[in-house]
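*Asks:* Sequence and computational prediction follow.
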Number of protein chains: 2
Amino acid sequence: MYKETNKRSIVKGITWRLVATTTTIVIVYVFFDRLDLAIAAGAIETTLKIGLFWLHERAWFKVRWGKKRIEPFNLWFTGLPLSGKTTIADKVYDELEKIDIPLERIDSKDIRDLIPDIGYEREDRNRHMHRIGNLICTLQNNSISTVASFVSPYKESRRAIRDMVKNNVIVYVKADVETCKSRDYKGAYAKALAGEFKNFPGVDEVYEEPQRAEIVINTETTSVDEAASLIVKYIKKHYVK
Amino acid sequence: MYKETNKRSIVKGITWRLVATTTTIVIVYVFFDRLDLAIAAGAIETTLKIGLFWLHERAWFKVRWGKKRIEPFNLWFTGLPLSGKTTIADKVYDELEKIDIPLERIDSKDIRDLIPDIGYEREDRNRHMHRIGNLICTLQNNSISTVASFVSPYKESRRAIRDMVKNNVIVYVKADVETCKSRDYKGAYAKALAGEFKNFPGVDEVYEEPQRAEIVINTETTSVDEAASLIVKYIKKHYVK
């Protein structure tokens, strides 16, 4: 959150003065046809009003009226492990940062510093999702939008998130299990296939495809940049006014 | 976070006009000694400049320069169970809300929706504290200040919080164990004494008194209202400019 510095009020006062004094000089000149007096009036006005404008600006900072809370959204990326969620979400986050909205990135890989994973059973995962929903709510209460990426394989946990948060936008990052396996640079699928990882969506656990995603990205036909620009456009259209 | 509405810009334009037009009329009158023409000039100026002011305001919203991030703080209430932390912290939160800073309340009793407690051993508690520190950091990155109340009996976990967050203010809510026991409306001390609760600070677990608390509240001699107003004064002096 920002507040306006004194300097900003002063410089705003000066730029406004340029606009305003020119108008005054023109008006006085039209009325009296005396350019010298018109300019003199403009000069005195300038000196006086820069100070008055500054006072007027600072007085308005005390007034709460007419300020509107920024409405937050939640971009929720779901998809199989290694489908490309994180890459696209990172790109989208970078793009959205540029337009100066309060924004937080939440990803499964760094959420553990905040919320410990306490199991990989369906119920544990749902409870974990519920906590993440709570975190998003806390941020949203402070007008902070979120870019979240989680496998979130179950319908009911995505549904829970949708019920908890405001302006939820589900982005389904669609990729074939075979494609994901071929991208397996971390060896996660290999470990899951070998039975080292249990309850791994796409291997020995289901991934329930979202039926009502606001945005579907088919990673076989859409590049990361294309996907990101599509999503940013959607957000700008619906949530950034 | 707030943004300024169009309406606010317009009304600001009108109040400014009252100040500015009066000045113009006075200046023109002083120069030309013709009140009728001075008023006519003022009238035309008014019409023209309300529109120009509005455009000028909206143009400045696109400019980032001169806006300063609000610096967040963390008020950290520590003390024995039932020492009165939550009551004082709630009161302080209510008072600080009024001065319109982005603020979040964090209390041990409702943090579990967000971060599960996974044990009451010293190490578990410290890990839990570390997660709460992470939450505060996330909020602070978005300029949100926090009012947190946790027993936080160990030096090292309070130290960890201090190292993680910005502008940490420790409030030690001091109360005798006997006093806390006598306030035991929830029966927590009774259960701890009966051995039902383990690792209960003040009963079978230590509470390490903070040595470097910014504020110490002695609940035997200070009322809740007095304590709250003391703390709010401290915050206003150091962190709200």
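*Replies:* Alright, I've got the coordinates.

*Asks:* C-alpha from now on. contacts and neighbour counts both.
*Replies:* Will do.

*Asks:* got any ranges where chain A has weak pLDDT?
*Replies:* Scanning chain A for pLDDT under 70 picks out A:1-4, A:241.

*Asks:* Is chain B within reach of stretch A:112-120?
*Replies:* Yes: for stretch A:112-120, a contact with chain B is found by Cα under 8 Å from any Cα of the partner chain, at A:Asp113, A:Leu114, A:Ile115, A:Pro116.

*Asks:* helices or strands next to the longest strand anywhere in chain A in the packing?
*Replies:* Looking across chain A with DSSP state E, the single longest strand is strand A:168-174. When contacts are defined as 3 or more Cα pairs under 8 Å, 6 or more residues apart in numbering or on different chains; DSSP states H and E, strand A:168-174 sits against strand A:74-78, strand A:215-218.

*Asks:* what's in contact with it?
*Replies:* A:73-80, A:83-85, A:162, A:210, A:212-219 (Cα atoms under 8 Å, 6 or more residues apart in numbering or on different chains).

*Asks:* How far off centre is that strand?
*Replies:* 15 Å (Cα atoms, centre = their mean, to the nearest Å).

*Asks:* Can you check what angle separates it from strand A:74-78?
*Replies:* Angle, strand A:168-174 to strand A:74-78, by axes from the mean of the first three to the mean of the last three Cα atoms, to 10 degrees: 20 degrees.

*Asks:* Can you give me the buried ones in the following helix or strand past strand A:168-174?
*Replies:* Next along the chain after strand A:168-174, taking DSSP states H and E as the criterion, comes helix A:177-182. For helix A:177-182, a neighbour-count test (16 or more other Cα atoms under 10 Å in any protein chain shown) marks A:Val177, A:Cys180, A:Lys181 as buried.

*Asks:* What are the contacting residues of helix A:177-182?
*Replies:* By Cα under 8 Å, 6+ apart, the surrounding residues in contact with helix A:177-182 are A:Leu80, A:Pro81, A:Leu82, A:Ser83, A:Tyr189, A:Ala190, A:Gly202.

*Asks:* Excluding chain neighbours, what is closest to the last one?
*Replies:* Of all residues beyond its chain neighbours, the one nearest A:Gly202 is A:Val177 (6.2 Å), with distances taken as Cα to Cα, 6 or more residues apart in numbering or on different chains.

*Asks:* hang on, the earlier thing: quickly run through the sheet partners of the longest strand of chain A, with directions.
*Replies:* Taking DSSP bridges as the criterion, strand A:168-174 sits next to strand A:74-78 (parallel), strand A:215-218 (parallel) in its sheet.

*Asks:* Test my guess that A:Ile106 contacts A:Val147.
*Replies:* Yes: using Cα atoms under 8 Å, A:Ile106 is in contact with A:Val147, at 6.0 Å.

*Asks:* Give me the domain ranges for chain A.
*Replies:* Following automatic domain parsing, chain A resolves into domains at A:6-61, A:74-239.

*Asks:* between the ones you listed, which gets nearest to B:Asn6?
*Replies:* Of all the domains of chain A, domain A:6-61 sits nearest to B:Asn6, with 14.5 Å by Cα to Cα.

*Asks:* and that closest one, does that touch chain B?
*Replies:* Yes: for a cut-off given as Cα under 8 Å from any Cα, domain A:6-61 has contacts with chain B, namely A:6-8, A:12, A:16, A:19-20, A:23-24, A:27-28, A:31, A:37, A:41, A:44-45, A:49, A:52-53, A:56, A:60.

*Asks:* OK, contacts around A:Gln140?
*Replies:* A:Pro72, A:Phe73, A:Val165, A:Lys166.

*Asks:* Surely A:Pro210 forms part of a strand?
*Replies:* No: checked against DSSP: H, G, I helix; E, B strand; the rest coil, A:Pro210 lies outside a strand; its state is coil.

*Asks:* Surely it touches A:Ser152?
*Replies:* No: A:Pro210 is beyond contact range of A:Ser152, at 10.0 Å (criterion: Cα under 8 Å).

*Asks:* Those two: which has the busier surroundings?
*Replies:* A:Ser152 (25 against 20; other Cα atoms under 10 Å in any protein chain shown).

*Asks:* How many residues are close by the residue lying closest to that one once chain neighbours are set aside?
*Replies:* The spatially closest residue to A:Ser152, leaving aside those adjacent along the chain, is A:Thr78, at 5.8 Å (Cα to Cα, 6+ apart). A:Thr78 has 28 neighbours, counted by other Cα under 10 Å.

*Asks:* Could you list everything A:Thr78 pairs with in the sheet?
*Replies:* A:Tyr172.
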